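Visitor: Sequence and computational prediction follow.
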Amino acid sequence: MSDSKQFTLYSHVGGPNGWKVSYVLDELKLTYETKFLNFDKGEQRSPEHTKFNPNGRIPTLIDHSNNDFVLWESDAILLYLVDRYDKDKHLMSADMGEKYQIIQWLFFQSSGQGPYFGQFHWFSARHPEKFPSAIERYRTETLRVFGVLESVLSKNEWLVGNKMTLADLSFIPWNYLALSSMLKDDKDFNFKRDFPATSAWHAKLEAVPTVKKAFEQRAFLLANIL
């Protein structure tokens, strides 16, 4: 493990969940080394990784400043980081009600957005056979999730309170996957027209320096390494 960085993050260049953790580490100005695993070689299931994460998925975070504490599952990692290191409540709220609303959105992201968007991506772009019924089901669910976000963001600038929080950041990499890959050739879909408030919110988050930096790093790695 790295002696000079506070954390080691096991991630994947194309996988959205690892980038969620990068956003928060950067927002909290924490130092870390990212080890990008090669899924084609099965590195996520290698003993070198599963000794930390028995699920063989990413992300996995090791906190070297806390006795090499290991944690996996992206939203659990996000909550750990703000509980331990976000003393100024930069990405959380000091209000108990708002805190649990943020957690509510993290649960929705991990149980709704991530799985539905992931299945849509798999059946529309990765599965060797085309199953129109599966593609349509998960496309419909993807649009439904955007609709849930729109119903809130049409009334509020952010998902919780009057500032960007963990809740907002957790959605961005999966949104990006949907918009850049899954829906980019869908002639019936227009993000700005169909979900104007969500589109504006997404664009505002893309412009956040730490998020922008991560997008640029991901693009560079995809172009030069994979």
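Guide: In hand now; what should we look at?
Visitor: Show me what stretch 90-104 is in contact with.
Guide: Here stretch 90-104 makes contact (Cβ atoms under 8 Å, 6 or more residues apart in numbering) with 24, 27-28, 79, 82-83, 86, 159-161, 164-167, 169. For glycine as for every other residue, the C-beta is placed from the backbone atoms N, C-alpha and C.
Visitor: Just the buried residues of those residues.
Guide: Among those, those scoring as buried are 24, 27-28, 79, 82, 86, 159-161, 164-167, 169 (criterion: 16 or more other Cβ atoms under 10 Å).
Visitor: Compute the first-to-last residue distance for stretch 44-57.
Guide: Using Cα to Cα, to the nearest Å, the end-to-end distance of stretch 44-57 comes to 6 Å.
Visitor: that older thread, mind picking the two most distant members of the buried ones among the contacts of stretch 90-104?
Guide: Leu28 and Leu159 (18.9 Å; Cβ to Cβ).
Visitor: Show the low-confidence segments of the chain, by residue range.
Guide: Scanning the chain for pLDDT under 70 picks out the ranges 1-3, 226.
Visitor: can you pull out the helices in it?
Guide: For the chain, helices defined by DSSP state H occupy the ranges 16-27, 47-50, 74-85, 96-108, 114-121, 132-153, 166-177, 191-194, 196-206, 209-224.
Visitor: Need those in TSV (columns: distance to Phe7).
Guide: Compiled in TSV, those are given as follows (distance: least, Cβ to Cβ, whole Å):
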stretch	distance to Phe7
helix 16-27	7
helix 47-50	15
helix 74-85	9
helix 96-108	20
helix 114-121	22
helix 132-153	30
helix 166-177	17
helix 191-194	34
helix 196-206	23
helix 209-224	15
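Visitor: can you list the domains in the protein?
Guide: Domain ranges of the chain: 7-90, 96-212, per automatic domain parsing.
Visitor: That's all I had, so thanks and see you.
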